[in-house]
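Engineer: sequence unknown, structure follows:
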């Protein structure tokens, strides 16, 4: 049994599919003059085969609507057909009398070296594309099968050292029953995408590649962070039974999809979804989302070589707003930095990236980026109900500066006669303890709050949860974190403004009763958690939830608090939601 | 053959996306299109060769076109490189 970080809940069984191919071995022998044309023909066949594979991948990706993955594959096709690469290879075969694989890999290595020397980060990344295309052609030349996760035929558990966003985008989600990776944590993109697609995932799982055999049956428990291998038949039966129960619970929950998010004593709240791409709106609506509480725009900026322009951003925001058909869509302005590196922004390597130049701090320095994004958001606001949210606000001064830029961009649009929602709301994410403490002052100038519990917890407790030595100290149920949350909610409610939460705590069944009692009005979470929270809300009176808050806030240890909240769910026979 | 000097105004310089657009553009013309920093000696239909030049925004490039539609090809390249 292997242990790792429980990154996306649920249990899945399938055949282990390792995302690493057999390494090509290159024959460096010299060939005779007579074999030259044969080697050139072999090269042409391998290039043609690679082209067909990339075109099939591209078609699959285009069907699933992932533009970034499509861009990458289009660049790969162009590199594949590049005359310089082909000419260098052919002249290598003719002049040096070497085999096609030797000439080809020499040509790729030569070009890669040129790219890697260039100071420019975008171009250094292109070296990775070149290597990727190079290894595809080499494998085809040598008849090594290429593992392609976009057209799977049976249930698999993907296992890798690290899974890239493009691999996740290309993977055939119908057959991916679980994900195991040696790298990555709860907030990594693999984790976010796995939760979005409801694929159980265990990340940060050391040794997974060495311990798991390609083709063997394995089970991933993404709720507990456990991977089971060498499964006996009786164990498989037990796990399959658990998977069946989960599916049943999901079907039962779907029955309440269209019921109001209302307590038995008539208190209504809103259940929103967190999304990363406009296409995610479909998954949000399938799970009964009443709005989008967090559109993480950094996804639009990742996995590419330069920032998206105003028009491209506008189209994405408009697509999300129109997809939600008038329901609220809260768009968070670029949250780069921290653990989210965007290479072409040229973010410096920092000693403490989480305490460094990130999110609104970057945007207030690089106002060109910020203005472009605000213009795109404002233009899209004419097509639905969009709110703007600034991440990482620590002080009133930052909020004022951000609002000043917003005001200037609005004036410019006004002058140009471009329509936008003149009543658009601009609020802040409360994720830095200073903002939570000063909530009463901040709320006077913000139209709404949304509490980001992931960062709030790590900053309040001074714990990097990616650090295995201290991650056990990370706990959003710590009384200090709960007090910050309570203070934030009370401040907003006193001022009559909306207060929501878009951190992981909002989708935690254990926290639901507590947050409801504290007066949280909008809960935004992974789409897969929405119906679980709705089930709880529909089962508990607000009056009772308020009494629970009184009790919890008097407790001292996070463990006591969680045990108490767990007992409440058990008494209501809702503890199955914790599975 | 025509040879002209022009400035790259694209925000990204001649990186991935504009370089890719240039390769696509070359396919539309019969003329041979070449370019370089000081002399037009790099084939524009090679995305790798173009990107390896590492040309950034505001830099000048020498472009040459040769063939039946050399004028049209030159004009199209100019539009592509000079647009912001």
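Structural biologist: That came through fine. Just so you know, these numbers come straight off a predicted model, no measurement behind them.
Engineer: Spell out which parts of chain A neighbour chain B.
Structural biologist: With C-beta under 8 Å from any C-beta of the partner chain as the criterion, chain A meets chain B at residues A:74-75, A:78-79, A:82-85, A:111, A:114-115, A:118-120, A:122-123, A:126, A:130, A:305-306. For the C-beta atoms, the positions are set from N, CA and C on the backbone; glycine is no exception.
Engineer: residues making contact with the one helix or strand residue A:311 maps to?
Structural biologist: Using DSSP states H and E, residue A:311 sits in helix A:310-323. Helix A:310-323 is contacted from outside by A:275, A:277-278, A:281-282, A:285, A:292, A:295, A:297, A:300, A:308, A:329, A:331, A:372-373, A:375-377, A:379-381, A:383-386, using C-beta atoms under 8 Å, 6 or more residues apart in numbering or on different chains.
Engineer: From those, keep the buried residues only.
Structural biologist: A:275, A:277-278, A:281, A:285, A:292, A:295, A:297, A:300, A:308, A:329, A:331, A:372-373, A:375-377, A:379-381, A:383-386 (16 or more other C-beta atoms under 10 Å in any protein chain shown).
Engineer: From these, which land in helices?
Structural biologist: Among those, the ones falling in helices (DSSP state H) are A:281, A:285, A:300, A:372-373, A:375-377, A:379-380.
Engineer: Lowest pLDDT pick from those residues?
Structural biologist: Across these, the smallest pLDDT goes to residue A:300, namely 88.
Engineer: immediately after the worst-scoring helix or strand of chain B on mean pLDDT, which helix or strand?
Structural biologist: Least confident helix or strand, chain B: helix B:16-28 with a mean of 85, by mean pLDDT, DSSP states H and E. Going down the chain from helix B:16-28, the next helix or strand is strand B:32-36, by DSSP H and E.
Engineer: what does chain B put close to chain A?
Structural biologist: B:11-12, B:15-17, B:20, B:23, B:43, B:45-49, B:51-52, B:54, B:56.
Engineer: where do the helices sit along chain B?
Structural biologist: Using DSSP H, helices in chain B cover B:16-28, B:47-52, B:70-82.
Engineer: so where's the chain uncertain?
Structural biologist: Went with chain A since none was named. In the predicted model, chain A carries pLDDT under 70 at residues A:21-22, A:64-69, A:120-122, A:125, A:164-166, A:169, A:303.
Engineer: Not quite, go with chain B.
Structural biologist: B:16.
Engineer: Apart from its neighbours in sequence, what residue is nearest the residue of it most remote from its centre?
Structural biologist: Computed with C-alpha atoms, centre = their mean, the maximum C-alpha offset from the centroid of chain B is found at residue B:68, amounting to 17.6 Å. The shortest distance from residue B:68 to any non-neighbouring residue, by C-beta to C-beta, 6 or more residues apart in numbering or on different chains, is to residue B:30 (5.3 Å).
Engineer: In contact with that neighbour, which residues?
Structural biologist: Per C-beta under 8 Å, 6+ apart, neighbours of residue B:30: B:67-69.
Engineer: give me every residue that touches residue A:477.
Structural biologist: A:510-511, A:558, A:561-562, A:565.
Engineer: Show me the residues you listed that map onto helices.
Structural biologist: Checking the contacts of residue A:477 against DSSP H, those in helices are A:510-511, A:558, A:561-562, A:565.
Engineer: got CSV for these, with distance to residue A:25 and neighbour count too?
Structural biologist: What follows is the ones in helices among the contacts of residue A:477, written out as CSV (distance: C-beta to C-beta, whole Å; neighbours: other C-beta atoms under 10 Å in any protein chain shown):
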residue, distance to residue A:25, neighbour count
A:510, 53, 21
A:511, 54, 27
A:558, 54, 18
A:561, 58, 22
A:562, 54, 17
A:565, 57, 23
